[in-house]
Each structure stands twice: as C-alpha cells, then as structure tokens.
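In: Need coordinates for the following:
(chains A and B)
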Amino acid sequence: MPSQVEYKTTRRFMNIWVYLALGAVGMIILAGLSSIFFVKPLASKTLQAREGEPARLQPIKIKPQAIGALRVDVTARIPTNRWLAYEVQIRDQQDKILAAGLKNAWNESGIWREDGQSGRWQEDDLDAGLDISSTKSEPINVVVEVLEYATKSNQPLTEPVSFRIRVNQGIIDTRYLWPGFWGGLLMAGLTCLFSKSAGATLSDKSIGDSDLGDRVNAGGANKLIKVVVKTVADETSPSSLNCRLMVRDGNGDQLFNASAVMPLKFKRDEDGDIDSTHGQATFYLVLEKPSSYGFYVEVTPDAPVDSTRLIIKQGAVTLGAVKVAYIGAT
Amino acid sequence: MLTKLFSVATIGIVAASILAAYTQRSAFQLRQERQPNYWARRGTRTSGRYRGGVWVVSPARSSYSGFRGGSLGMGK
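Out: As a prediction, this is how the structure comes out:
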C-alpha cells in the first residue's frame, strides 16, 4: 500500500461561529425569561377618582437602578359606551408634576349585523402605562387624574371612576427583545446557511449515468475535503443505493476506497406514482499532501440510476463531529 | 468569511437588544429635559415637557377634548 488511511471522528472542522450565533439567540430567550426575576412589586391598589379629585397612592421611594425601571400600570374600569381622558402623573414631595402620561380610554359595545346574522361586539382600550427612572433617590407620588369623562354621545359625567394602579420596580422593557430575537434568528439562520456552503468548490460535475469521476488539485493537512454524491434514480430502484468513492493519486494508484449506503427519498406525482428518487452520500477526507487527485464514484446497482452528480469541496466546515478519513502521504 | 460576519452580526443585535431592554432606556428620565429614548407604552403619550424644574403642559393636551373613543366603524 502506498498510503495509509486512518479514520477519526473529529470536531476539528466544526464551525464554532454557528454555535456562537445560535447561543446568542438562546441568550435573548434567556434574557426574556429571566426578566421576571428582577420585578419587585411596590403597590397594587384599586382607587377611585373623579374630575377634580385625583386618586393618589402612598409615597413610593424611587432610586437609581442599573437594571430596569419603575413601571406604573393603570387600568380604568368604566361601563360600556363611555370615554375617559385620564392622566398618570408622577409628583414630587412638593406635589409638583415630574412626569405625566395622557391616556384616552374608551369602552364601547354594539350590535353587528352581517349576512342575516347578528351579534354583540365589545371593544375597549383602558390601560395606561408609564415607565420612569431616576438619577437620584427620592420619594414620589403616583397620582391618577380624571380630565374628562363622558358618554359616547358626549354627555359629561361626574361620577367616580375606579382605577387599578400597579407599581413594580425593576421592570425590563421586553419590547426591545422581540426585534432582537427575530433579527438574531435571521442572522443565525444566515450563519447556518453560509456555513453549509463554506469552502471552495473544486469540482461540480453531473452525468446521466451511474459512474463519474474528476481529477482536481487538492490537499493540505488542515483542509477538510467534502465529497458529496447526489443521484436521481427511477421508480425501479431499491430503497437504497450503494455509493463507492475511490481516490487515486497522480500515478493512478488507489489511495482510498470506501462505500456508503445512500438512502433514497421517493418523490411522487399527484397520482401517487413514483416520479423519481433522490439519494445523497457525503464523504469527509483530509488529503495530507497537496497534489493532483482523481475522485471516482460508482453507484450500484446502476440500472435504475438516471443521473449522478459529484461535488468536491475544499475547506468545508461541519456542524458537529464527523468521521474523517485521513489519507496520509508515504 | 460570511459565516463569521453573520455570526458577529447576530451577537451584535442580541447584545444591543438585551442592553436596551435591561437598562430600560425607553423609560421616562425624571427631572431630565431631554427624553430622546422615551418610548410610550399602552398608548400613553406624555402630556407635556419638563422645563426648568416645572412640568409645562403641551398645547396638545387640550386635544383630548376632541377624543370620542372608538368610533362605531371600529367595532365588529
């Protein structure tokens, strides 16, 4: 034997970048899930307010925080077919407004009729929210003030409105995580896609037969050569084909001879008849000495084989551990 | 190599969004006149600006009186 073949299962050609990208997407999911651990409820109360008589929570202490902010969530409770303009205010100890958020809330219902059918609809938009952060520690007051309250027909109302007010500390704005998640997922997908096509294609040949070969200049101790064989066979083929790959050196001496089973995928047309069958075999090689090598493929049994395609790539990367044939120089 | 480029882009996007979320840059900064990163939630817009230590109500605040809730056409 002029050369030795040694099989090794290795992660050496694994593409770490794919895992970094997928890990980053995992991190964002983790960041979203762990955001709940930072939340500290400060107040949760249902209070009543009317025009000129704001609802007021007990003073709350706000302090500078590296993670998260103070979140005030308010939900108005009003009967249907009313509208309400209210303001969520943050006031300081002197009762001066530091921040105020205006909400136009409404709750409506009615009857819908369509194609002889009818039913009741009800829609509302009653929630208000204000996130605040501060650079100094100070007590603040959360105040909810009714600005206008009226029926749908614009009849002003003076009756009190009840508000559910919740104040939480350490709230993380998860709205940022969604574009980060989708954008990250897209980028990670592209990373995977381009990892698959990494490397230089040395040869890509097709033939309407079962046997095929090509001679290329290849090799190098750190270069993974990926040989992909794709076949299309007709409906008389067995459930799998056998694919044999032989590598010969510049003198025509055989260095490597291995075979792989090609499981076939059957494609059917709309009548359920087998249209064609597709099979693929992949070999990973490291040819230690750069030189001219011939790659020859035989697919057996050859009777059902319609066409065979041979792709030789150098500098390929893998997603996991693969079995690599190291073909040493003498 | 494109794989490296996209991988670095993924990590960059993820890091930026986690940083933005965890520092809550969208929150209203108390006693600050400029609020470049404020991002309103639940349709709650600020009704004014903090100027020289006082809350100056914006003229748009009066526009709430023109609000009539969801119109009939909105529902079903």
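In: do the helix or strand hosting residue A:34 and chain B meet?
Out: Assigned by DSSP states H and E, residue A:34 falls within helix A:16-34. Yes - Helix A:16-34 comes into contact with chain B (C-beta under 8 Å from any C-beta of the partner chain), by way of A:17, A:18, A:20, A:21, A:24, A:25, A:27, A:28, A:31. Any C-beta I mention is one placed from the backbone N, CA and C, and that applies to glycine too.
In: Buried subset of the residues you listed as a ChimeraX selection?
Out: Of those, the buried ones go into a single ChimeraX selection, burial set by 16 or more other C-beta atoms under 10 Å in any protein chain shown:
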select /A:17,18,20,21,24,25,27,28,31
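In: Determine the number of other residues adjacent to residue 43.
Out: The chain I'm using is chain A. Per other C-beta atoms under 10 Å in any protein chain shown, the neighbour tally for residue A:43 reads 14.
In: Oops, wrong one, chain B.
Out: Counted with other C-beta under 10 Å, residues neighbouring residue B:43 total 14.
In: And the one 5 residues further on, by the same measure?
Out: Applying other C-beta under 10 Å, we find 19 residues neighbouring residue B:48.
In: Just the pLDDT at it, thanks.
Out: We have a pLDDT of 82 for residue B:48.
In: just checking, it touches residue B:33?
Out: No - with contacts counted by C-beta atoms under 8 Å, residue B:48 stays clear of residue B:33, the gap being 11.6 Å.
In: In which helix or strand does residue A:191 reside?
Out: Taking DSSP H and E as the criterion, residue A:191 maps to helix A:177-196.
In: Check the residue of the stretch 1-150 of chain A found nearest chain B and give its pLDDT.
Out: As assessed by C-beta to the nearest C-beta, chain B sits closest to residue A:106 within the stretch 1-150 of chain A, at 3.1 Å. Looking at residue A:106, its pLDDT reads 89.
In: Report how many residues lie close to it.
Out: 24.
In: in its sheet, what does the helix or strand encompassing it sit against?
Out: Using DSSP H and E, residue A:106 sits in strand A:97-114. Strand A:97-114 pairs in its sheet with strand A:82-91 (antiparallel), strand A:117-125 (antiparallel), strand B:45-46 (antiparallel), by DSSP bridges.
In: what sits against residue B:9?
Out: Residues counted as contacts of residue B:9 (C-beta atoms under 8 Å, 6 or more residues apart in numbering or on different chains) are residue A:187.
In: Give me the secondary structure label for it.
Out: With DSSP: H, G, I helix; E, B strand; the rest coil as the basis, residue B:9 sits in helix.
In: the strands in chain B, which residues?
Out: B:28-29, B:45-46, B:48-51, B:54-57 (DSSP state E).
In: near chain A, anything from the first one?
Out: Yes - if you take C-beta under 8 Å from any C-beta as the test, strand B:28-29 does meet chain A, through B:28, B:29.
In: What residue, apart from its backbone neighbours, is nearest the closest residue to chain B within chain A spatially?
Out: The minimum distance from chain A to chain B, using C-beta to the nearest C-beta, falls at residue A:180 (2.5 Å). Using C-beta to C-beta, 6 or more residues apart in numbering or on different chains and skipping residues adjacent in sequence, the residue nearest residue A:180 is residue B:17, 2.5 Å away.
In: Please tell me how far that neighbour sits from residue A:183.
Out: 8 Å (C-beta to C-beta, to the nearest Å).
In: same thing with residue A:177?
Out: From residue A:177 to residue A:183 the distance is 11 Å (C-beta to C-beta).
In: again with residue A:66
Out: From residue A:66 over to residue A:183 (counting by C-beta to C-beta), the distance is 25 Å.
In: Neighbour count for the two, which is higher?
Out: Shown here are residue A:66 and residue A:183; by other C-beta under 10 Å, residue A:183 has more neighbours (19 against 7).
In: May I have the residues that are in contact with that one?
Out: B:13, B:17.
In: One more: residue A:93?
Out: A:59, A:138, A:139, A:141.
In: Helix, strand or coil: sort out it for me.
Out: coil.
In: Now do the phi/psi pair for it.
Out: phi -60, psi -30 (degrees, to the nearest 10).
In: Against residue A:55, how distant is it?
Out: Residue A:93 is 18 Å from residue A:55, by C-beta to C-beta.
In: circling back: include distance to chain B, neighbour count and secondary structure when you put the contacts of residue A:93 into CSV, please.
Out: Below are these laid out as CSV (distance: C-beta to the nearest C-beta, whole Å; neighbours: other C-beta atoms under 10 Å in any protein chain shown; DSSP: H, G, I helix; E, B strand; the rest coil):
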residue, distance to chain B, neighbour count, secondary structure
A:59, 14, 14, coil
A:138, 8, 16, strand
A:139, 12, 11, strand
A:141, 12, 18, strand
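In: And the residues you listed, which two are furthest apart?
Out: A:138 and A:141 (10.6 Å; C-beta to C-beta).
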